[in-house]
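Peer 1: coordinates for the following, if possible.
(2 chains)
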Amino acid sequence: MDPNQNAAPAQLPFSEENGWRRNIAVGWVSLILGVLVTVCLIPTQIGPVGSGATILAMIGAGGLIVFGAILAAGTFQAPPTEADPPVGERIQRQADNWGRGEKQATGVILVAITYPWLLEWGGFLPASYASLAALLLLLGVRSMRVILLLPAIVVSVVYLGIDLVLGAHMPEGRIEWGGLFAAVTAGGE
Amino acid sequence: MFDLLAEAAALAFTWQNLLGVLIGLALGATLGAIPGLNGTMAIALIVPLTYFWEPLFSIALLMGCWKGSIYGGSITAVLLNAPGTPEAAATALDGYPLQQKGQGRKALHMALFASVAGAIFSDVLLLGASGPISSLALKFGPAELAMLIFFSLVLVAGTGGDSHLKGLISTMLGVLIAVVGLDPMTAQRRMTFDVLELDSGFDLLAMLIGLLVLSEVINQIWDGEANEARSAAGPRPLDRSRLTLAEIRGSAGVIFRSSLIGSFCGALPGVGAITAAFMGYDQARMSSPHPERFGKGELRGVAAPEAANNAVCGSALIPLVTLGIPGSLSVAVIMGAFMVHGVSPGPMLMIEHRDLVYALFLLLLLSDILLPLIALPLIAVGQRLVMIPKRYLFPVIVILCGTGAYSTHQSLFDVKVMVLFAILGFAMKRFQLSPAALLIAFILAPMAEVYIRQALRISRGDVLVFVASPIAAFFALATIGLFAWSFYRNRRATQQKTASQPAE
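Peer 2: Purely as a prediction, here's the structure:
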C-alpha cells in the first residue's frame, strides 16, 4: 500500500480523517463563490460601497474567501498520489456504485423540482395526487391499493383542511380540466 | 410582579390555549417517537398552518410540540433502542438495557418524571431570569448589539457539522443569502436579479421547510432509510414494572444536577440538547458510587439525560426573549413562528408585550404539567409508531412540505424557494456543512445590518464605535478569541490524529 495514501489526509489542517477530499471541495466552492460575489455581485447588485449592505455582503463574501482558502489549501498540502485515481474515474466509480437509496433520492429531487410547475399548470389536487403516487412508486411501494388510495386520502384531507377550513386557496392550475375532459370525450365520439 | 403574573395567567389559561398545548404535546410526542422525524421538523411543518390562527394559541401549540417531541424521542429509545430524536440517544444507553431486563415501563416512567422535573426547573429559571437580563440588554446600543450578534454567529457556527471552520462557511453563506431583497433603509434592490418576488428576500418559512424538513427526507432516502425492512419479530410487549418512591428519591440529586447542566447549556448559543444530555449522563456516572452499572440498565442513567435535555427548552428561550438571539436550531424555528405572528423577540418585547411574554412562560409551565397526560397513554402505542414504514411516510411529508411552503403567502414562488433550499440543504448535509448555522445566520444578519448602520450613523462613519464601549469591546475580543480557539482546536485535533496514526 502506498504510504502517502494514508499520510496525506492526516497532514491537512482543519480537516478530519477520511473527510479531507470533501473538505477540499467545500473549500474550493466557498472560495470561488466568495470571489464571484466580491467581483461580480457586490459592485453591480448592491448599493454604494460603505453602506451597511455592502459591509454585510463583504463580511459574507470575505468570510467565504478566507475560510474557503484555509480548507482549499489542503489541495497543495496533499497532492494526488499514484494511488489516487483521477477525478473522472472517481466520479465513474461512484456512479457505478450507486445504490437504490441514491437513485430513489435523485428521483425524489426530480419530483420535488417538477412539483411547483405541476401545481402551476395542473392545480393542487391533480399535481399533488400525481406527485405523491410517483413518490410512492419511486420508494418501492408496489401495492396498487396504497398507490391509489393513500394519495387520494392525503390530498383530500390537506385540501379540505387548508383550502376549505383555513381559507388558504390552493392553486387551481392553468389547465381547464373540465374543458379538456369534454374535448377528449367529444373527440372520442 | 404578582399583578403581571395575574395578567399573564388571564391571557394564558384559556380553554383554547389549553387545547393548543394538548394538541402540540400529542403531535410532538407522536412525531418525536418516530425515528427520523424530530421536533424541529414537526414545528417547521406546523408553523405555516398556525399563520391562520391566534398568535398565543399557535405559540402554545408549537411550544407543546417542541416539549412533546423531546420526551417522545425517549419512548422508542427505551423500547427499541432507536432514539426517536438525537436528544434521546443518551437515554437509550441505559433505557434499552432496562427494557431488556423487563423494566421498560419503569424506565419510561422515570424518563417522564425526570423530563417534567427538568423542564419545570428550566422554565422557573426562565421566568425569574428573563426580566433582569432584558433590563440589562436595554443598556446595549446598536454597536454592542452588532458585536453581540457577531459573537453569537461565531458561537452558533459550531452547531451541527463536523468542524467549526465549515460551520463558519455555512454562517457566511447565510449572511450572503440574507442580503437578498430590498435595502431596509434605501429600498434599493440587492441581488434580486430583477426577480420581483425576491424584493422581500427569501421567505423564512419556505426556506425553513426546505432546509430542515425536505432536505432531511432526501438525505434519509439517500442513506437507504426508505428501504428498511420491518422487524419480523415485532415489538416486545411492555412489562408491568413500577417506579417506586425510593427510586425517585434516589435519583433526585442526579435530576437536580442534570437540570442545572441542561439549563446552562440551553442558555448558551450553539450548545444544544444533545450535548446537555450526554453531559448530564456523564455527571451521573461520575458521581455514582457504582459507575460500572451505567450502560447496563441503571435507572439514574435514564433520569440524567432526560432531565438535562428537557431543561434546555426553557433556558434556550432566555437569549431569544431578552436579546432576540436564537441559540439553537429549534429556537430559530420558534423565532420564525414568532415573526410570522408579528412578534419580534428582543429586549423591547419584554417592555412592550410583557404580559404576552409571561403568558408564554406560563404556557410553557402548563405544557410541563400536562406532559404526563399525553405521554402516559402514548407509551403504550409508542412501540407501534416506529413500525410505520418510511416509504409511506416520506412521500406524505414531501407533499406536506409543498403545501406548507405554499399556504402562508399562497405563492408558488415560495414552493420553488423551498425546493431550492431543500437541494442546498441536502448538498450541505452530504458535505457535512451545517444548515442550522446557515439558517441562524440568515435570521440574525438583517438585524446585524440594521445595528451596524445605526452605529455608523451615530458615530458619523467611525468604525471604532464597535470597540469603543467596554461591552462592545468585550464581545469583539470574545469573537476573536473564539476564532483563535476554534482554529487552534482544529489544528491540535489534526496533529493528534497524525501522531496516533500508525506508520505503514
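Peer 1: so where do the strands sit in chain B?
Peer 2: B:181-182, B:189-190 (DSSP state E).
Peer 1: not counting sequence-adjacent ones, nearest residue to B:Cys265?
Peer 2: Nearest residue to B:Cys265, sequence neighbours excluded (CB to CB, 6 or more residues apart in numbering or on different chains): B:Ala276, at 3.8 Å. Placement of C-beta: from N, CA and C, glycine included.
Peer 1: touching, the one you found and B:Gly266? I think so.
Peer 2: Yes: judged on CB atoms under 8 Å, B:Ala276 makes contact with B:Gly266 at a distance of 6.8 Å.
Peer 1: which residues do those two both contact?
Peer 2: B:Ala311, B:Val312 (CB atoms under 8 Å, 6 or more residues apart in numbering or on different chains).
Peer 1: ok so, going back, would you single out the least confident of the strands of chain B?
Peer 2: Mean pLDDT across the strands of chain B is lowest at strand B:189-190; the value there is a mean of 82.
Peer 1: packing partners of that strand?
Peer 2: strand B:181-182 (3 or more CB pairs under 8 Å, 6 or more residues apart in numbering or on different chains; DSSP states H and E).
Peer 1: for the residue nearest to B:Cys265, give its distance to chain A.
Peer 2: When distance is defined by CB to the nearest CB, to the nearest Å, B:Ala276 is 24 Å away from chain A.
Peer 1: and that residue, what does it touch?
Peer 2: Applying CB under 8 Å, 6+ apart, the residues near B:Ala276 are B:Ile261, B:Gly262, B:Cys265, B:Gly266, B:Ala308, B:Asn309, B:Ala311, B:Val312.
Peer 1: give me every residue that touches residue 140.
Peer 2: All of this refers to chain A. A:Arg100, A:Gln104, B:Ala226, B:Asn227, B:Arg391.
Peer 1: wrong one, chain B
Peer 2: By CB under 8 Å, 6+ apart, the residues touching B:Phe140 are B:Leu148, B:Leu323, B:Pro347, B:Ile471.
Peer 1: burial count for the first one?
Peer 2: So the one you mean is B:Leu148. 26 (other CB atoms under 10 Å in any protein chain shown).
Peer 1: that one against B:Ile325, yeah?
Peer 2: Yes: at 7.1 Å, B:Leu148 and B:Ile325 qualify as touching, with contact defined as CB under 8 Å.
Peer 1: any weak-confidence spans in chain B?
Peer 2: Where chain B drops to pLDDT under 70, the residues are B:36, B:158-162, B:228-237, B:270-271, B:382-383, B:385-386, B:490, B:493-504.
Peer 1: longest helix in it, please.
Peer 2: helix B:104-137 (DSSP state H).
Peer 1: likewise for chain A?
Peer 2: The longest helix of chain A (DSSP H) is helix A:100-122.
Peer 1: and that helix, C-alpha only, in PDB?
Peer 2: Extracted in PDB, the C-alpha atoms of helix A:100-122 (Å, rounded to 0.1, in the frame of the first residue of the first chain):
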ATOM      1  CA  ARG A 100     -31.000   2.000  -4.500                       C
ATOM      2  CA  GLY A 101     -31.200   4.800  -2.000                       C
ATOM      3  CA  GLU A 102     -29.200   7.200  -4.200                       C
ATOM      4  CA  LYS A 103     -31.400   6.500  -7.200                       C
ATOM      5  CA  GLN A 104     -34.500   7.000  -5.100                       C
ATOM      6  CA  ALA A 105     -33.200  10.200  -3.700                       C
ATOM      7  CA  THR A 106     -32.400  11.500  -7.100                       C
ATOM      8  CA  GLY A 107     -35.900  10.600  -8.200                       C
ATOM      9  CA  VAL A 108     -37.400  12.400  -5.200                       C
ATOM     10  CA  ILE A 109     -35.400  15.500  -6.000                       C
ATOM     11  CA  LEU A 110     -36.700  15.400  -9.600                       C
ATOM     12  CA  VAL A 111     -40.300  15.100  -8.400                       C
ATOM     13  CA  ALA A 112     -39.700  17.900  -6.000                       C
ATOM     14  CA  ILE A 113     -38.300  20.100  -8.700                       C
ATOM     15  CA  THR A 114     -41.300  19.500 -11.000                       C
ATOM     16  CA  TYR A 115     -43.900  19.800  -8.300                       C
ATOM     17  CA  PRO A 116     -44.200  23.700  -8.300                       C
ATOM     18  CA  TRP A 117     -44.700  23.600 -12.100                       C
ATOM     19  CA  LEU A 118     -47.200  20.800 -11.800                       C
ATOM     20  CA  LEU A 119     -49.000  22.900  -9.200                       C
ATOM     21  CA  GLU A 120     -49.000  25.900 -11.500                       C
ATOM     22  CA  TRP A 121     -50.300  24.100 -14.500                       C
ATOM     23  CA  GLY A 122     -52.400  21.200 -13.100                       C
END
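Peer 1: show me which residues of the longest helix of chain B are buried.
Peer 2: Along helix B:104-137, these residues count as buried under the neighbour rule (16 or more other CB atoms under 10 Å in any protein chain shown): B:104-127, B:129-131, B:133-134, B:137.
Peer 1: filter those down to the ones near chain A?
Peer 2: Near chain A, taking CB under 8 Å from any CB of the partner chain as the test, no member of the buried residues of helix B:104-137 is found.
Peer 1: close to chain A: what parts of the stretch 201-350 of chain B are there?
Peer 2: Counting by CB under 8 Å from any CB, the stretch 201-350 of chain B sits next to chain A at B:Leu214, B:Val217, B:Ile218, B:Asn219, B:Ile221, B:Trp222, B:Asp223, B:Gly224, B:Glu225, B:Ala226, B:Asn227.
Peer 1: which of those residues count as buried?
Peer 2: B:Leu214, B:Val217, B:Ile218, B:Asn219, B:Ile221, B:Trp222, B:Asp223, B:Glu225, B:Ala226, B:Asn227.
Peer 1: need the contact list for the second one.
Peer 2: Contacts of B:Val217 were listed using CB under 8 Å, 6+ apart, and they are A:Val108, B:Phe394, B:Ile397, B:Val398, B:Cys401.
Peer 1: out of these, flag the one nearest to B:Gln432.
Peer 2: Nearest to B:Gln432 among the contacts of B:Val217: A:Val108, at 20.8 Å, using CB to CB.
Peer 1: contacting residues for that closest one?
Peer 2: Contacts of A:Val108 (CB under 8 Å, 6+ apart): A:Leu135, A:Leu138, A:Leu139, B:Val217, B:Ile218, B:Ile221, B:Phe394, B:Val398.
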